[in-house]
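Participant: turn this into a structure:
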Amino acid sequence: MAGTVKFAPEIDAKLHKEFVSVAKQRGQSQRFLLERALEHYLHNVVPSQETVRPETMSAFRKSKERNRKLLGMLAK
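Facilitator: Numbers count the residues shown, from 1 in each chain. As a prediction, this is how the structure comes out:
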């Protein structure tokens, strides 16, 4: 069933300010911009994350956790 659903998520204040600014600059409604962003994320980003094998991501996460301190020092 097509239609609309009202929801009110809480988001970071800086992100919201940028979001409102972009909508105004482009002459688009916030609703339109939010729908396009969600659509892009769900149809493009989520599927692309599934192209990496789960065991590869698991190994990466473990490595990242083991090397958190080193990564922090390198970031400085």
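Participant: going forward, measure contacts between C-alpha atoms and count neighbours the same way
Facilitator: Fine.
Participant: which parts of the helix or strand of the chain with the lowest mean pLDDT are buried?
Facilitator: The weakest-scoring helix or strand in the chain, judged by mean pLDDT, DSSP states H and E, is helix 46-49 (a mean of 78). The neighbour-count check on helix 46-49 (16 or more other C-alpha atoms under 10 Å) flags nothing as buried.
Participant: per-residue pLDDT, the residue nearest to the spatial centre of the chain?
Facilitator: With distances taken as C-alpha atoms, centre = their mean, the residue of the chain nearest its centroid is Tyr41 (6.9 Å). For Tyr41, the model assigns a pLDDT of 90.
Participant: contacting residues for it?
Facilitator: Neighbour list for Tyr41: empty [criterion: C-alpha atoms under 8 Å, 6 or more residues apart in numbering].
Participant: that older thread, what's the offset of the least confident helix or strand of the chain from the middle of its chain?
Facilitator: 12 Å (C-alpha atoms, centre = their mean, to the nearest Å).
Participant: show the subsequent helix or strand relative to that helix.
Facilitator: Per DSSP states H and E, helix 46-49 leads on to helix 54-66 as the next helix or strand towards the C-terminus.
Participant: can you list contacts of that following helix?
Facilitator: Residues outside helix 54-66 that contact it (C-alpha under 8 Å, 6+ apart): Leu71.
Participant: so how far is the following helix or strand past it off the chain centroid?
Facilitator: Scanning forward in sequence from helix 54-66 by DSSP H and E, the next helix or strand is helix 68-75. Put simply, helix 68-75 sits 24 Å off its chain's centre (C-alpha atoms, centre = their mean).
Participant: same question for stretch 51-60.
Facilitator: Offset of stretch 51-60 from its chain centre (C-alpha atoms, centre = their mean): 19 Å.
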